[in-house]
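Engineer: Predicted model, plus sequence, below.
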Amino acid sequence: MAAKLKALLNAQENKHDITRNLPSLTFESALDEEEQRILYLRQQSHAHTTLVSASCSFLVSILNEVRQIRADLAKTSQQRRAIQLLTADTLPKNPLKIGLIGCGRLGSHLVHALLSFGEVNPADIQISTRRPETLNTLKEKGVSVIYNNIEVASKVHLLFVCVLPSQLNKVLEEICQNLDKQTLVYCLVNHTTSHRLKRLLQSVNIFIPSFVFDNSTSNAWNSCMSVEEALKDEQMVRKCCPLSNEGKGSCVHLTEKWVELVICAFINQCSDLQLTSRDALDLLHGICMGLDKLEKGTANRFVERDFIINWDDDDTEPRRFPKFDLSKIHENDSHVIKKLRTSQILQEGFTKKFLSVFRSHDDVHEQTDERN
C-alpha cells in the first residue's frame, strides 16, 4: 500500500513539472546530425545490459529453486516440517554458489540484478576482478570481491565470464584445470563459440547466449530508465523474455535457442542433484514453465524422448538423464525446441514464470512497506 501511494504521489508531482518532456532539455537535443544517426546504439547498449541482467536473474532463480526443493526432498516429512519452522525467513538451503570473472559495467549491473531479483544471498556471490577497490559498494553488501580467478572458478556452481575478448583465452587457460565439471560456465564475451570454449575448458557445460540486434526498432526502447527501474517495469521485462511477443520484437532479443539451453542446463543440474528423469521433468514443468498442474501424457508436456530419442519407456526402473553436451545444443535443434515452438501453452507458461521472478520482488517490498 505504501509503495502504491508513493507511486501515486510521484505521478502527481510529474503532472505539474513544466520541464517534463521538454525537447530542449533531452539528451538528444545536444547532438548534431551525425550523432543523431548513431543514437540507436545508446538504446541497444541499454537494452543489451537490461536483457543480460534479466535473463541471468531468471536462470539463477530457477537453478536456486530446484536446489532448495532437492534439499527438502532429502529430508523426511517430520524433518522438513521442523526445518520449515526453524528456518522460516532465513537463508536458503544448499544455495547456488555464483562466481564472476570480470566485473566492469555489464558485470556490475548483473550482480546488482542478481541481488535484487535472483533471490541470492550476497555471501553466495564471489567476484574476481583486476580492480577490487572499485567495487566497494558490493563489498559493503557482503559480496566477496578479490583478484583470484582460480579461487572463484573452483568454488562455484555457476560461473559468469564477463572479460574483454582479448582477455578470454588467458582467463580460460588459467582456470581450466581447477574448474569442476559440474560448473555451468555462462560466457558473456562477444564473438566466441561453444567449440572454442569446449576446447579451452575441456568442459561440455557451456552456455553462450545468442543476441539479435535490430536497428529498426531501437527507438521503441526506453533508455531513460535505469536498469533496475526497467526490471521493475512489467512492459520492459516482457521485452526481455524471448518467448513473449514483445521480446521477439525488441531491438535486442534472445533467440529461442536460449530457452532450449536453459531447459537443458536445468535438466543437467537435476542430474547432478541425483534426481530421476521423472522428478526432473516434474520440476521442469513446475519451476521453469509454471505448469505444475499440467497433466501427464498431454501433447504440451515434455517427455524423456524429447531429450533422448532412443529412451526406453518400458523400463520401470527410475533413471537419471545423462549429462547433456550444451556445446552441441548451440548448433543443433533438438525435439525440445521443436515442441516449444509448437506449444502455445509452454510458451505462455514460460513467459508467465519469467515475469513472476521480477513481479515477486515488488510483492516482497510492498509487504515490507506495509509491515513498516
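Structural biologist: Perfect, I can see it now. A quick note: this is a predicted structure, and the numbers were derived from the prediction, not measured.

Engineer: Quickly list what residue 99 is bridged to.
Structural biologist: residue 126, residue 159 (DSSP bridges).

Engineer: close enough to count as contact, it and residue 150?
Structural biologist: No - contact criterion CB atoms under 8 Å: residue 99 and residue 150 do not qualify, at 10.8 Å. (Glycine included, C-beta is placed from N, CA and C.)

Engineer: Out of those two, name the residue with the larger neighbour count.
Structural biologist: Remark: of residue 99 and residue 150, residue 99 carries more neighbours, 25 against 15, as counted by other CB atoms under 10 Å.

Engineer: residue contacts, that one?
Structural biologist: Contacts here follow CB atoms under 8 Å, 6 or more residues apart in numbering; on that basis residue 99 touches 125, 126, 127, 128, 152, 153, 155, 156, 158, 159, 160.

Engineer: ok, which stretches of the chain are strands?
Structural biologist: For the chain, the strands defined by DSSP state E occupy 98-101, 125-128, 144-146, 158-161, 184-187, 206-207, 211-213, 252-254.

Engineer: now these as a markdown table including mean pLDDT and distance to residue 66?
Structural biologist: Below are the strands of the chain laid out as a markdown table (pLDDT from 0 to 100; distance: least, CB to CB, whole Å):
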| stretch | mean pLDDT | distance to residue 66 |
| --- | --- | --- |
| strand 98-101 | 98 | 15 |
| strand 125-128 | 97 | 19 |
| strand 144-146 | 96 | 24 |
| strand 158-161 | 98 | 12 |
| strand 184-187 | 97 | 13 |
| strand 206-207 | 95 | 16 |
| strand 211-213 | 91 | 26 |
| strand 252-254 | 93 | 21 |
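
Engineer: Distance to residue 109 added to these, as a markdown table?
Structural biologist: Shown next, in a markdown table, are these (distance: least, CB to CB, whole Å):
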| stretch | distance to residue 109 |
| --- | --- |
| strand 98-101 | 11 |
| strand 125-128 | 13 |
| strand 144-146 | 16 |
| strand 158-161 | 12 |
| strand 184-187 | 15 |
| strand 206-207 | 19 |
| strand 211-213 | 15 |
| strand 252-254 | 14 |
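
Engineer: and of the ones you listed, who's closest to residue 334?
Structural biologist: strand 206-207 (15.2 Å; CB to CB).

Engineer: Which neighbouring elements make contact with that closest one?
Structural biologist: Strand 206-207 sits against strand 184-187, helix 194-201, helix 326-329, with contacts defined as 3 or more CB pairs under 8 Å, 6 or more residues apart in numbering; DSSP states H and E.

Engineer: Could you rerun that using 10 Å?
Structural biologist: strand 158-161, strand 184-187, helix 194-201, helix 256-272, helix 326-329 (3 or more CB pairs under 10 Å, 6 or more residues apart in numbering; DSSP states H and E).

Engineer: Work out the sheet partners of it and label each with its direction, please.
Structural biologist: Sheet pairing for strand 206-207, assigned by DSSP bridges, gives strand 184-187 (parallel).

Engineer: just how off-centre is the strand it pairs with within its chain?
Structural biologist: Distance of strand 184-187 from its chain centroid, counting by CA atoms, centre = their mean, to the nearest Å, is 11 Å.

Engineer: Extract the C-alpha set from that strand and format it as CSV.
Structural biologist: C-alpha atoms of strand 184-187 as CSV (Å, rounded to 0.1, in the frame of the first residue of the first chain):
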residue,chain,number,x,y,z
LEU,A,184,28.0,-24.2,-15.6
VAL,A,185,30.1,-21.6,-17.5
TYR,A,186,27.9,-18.7,-18.8
CYS,A,187,30.1,-16.7,-21.2
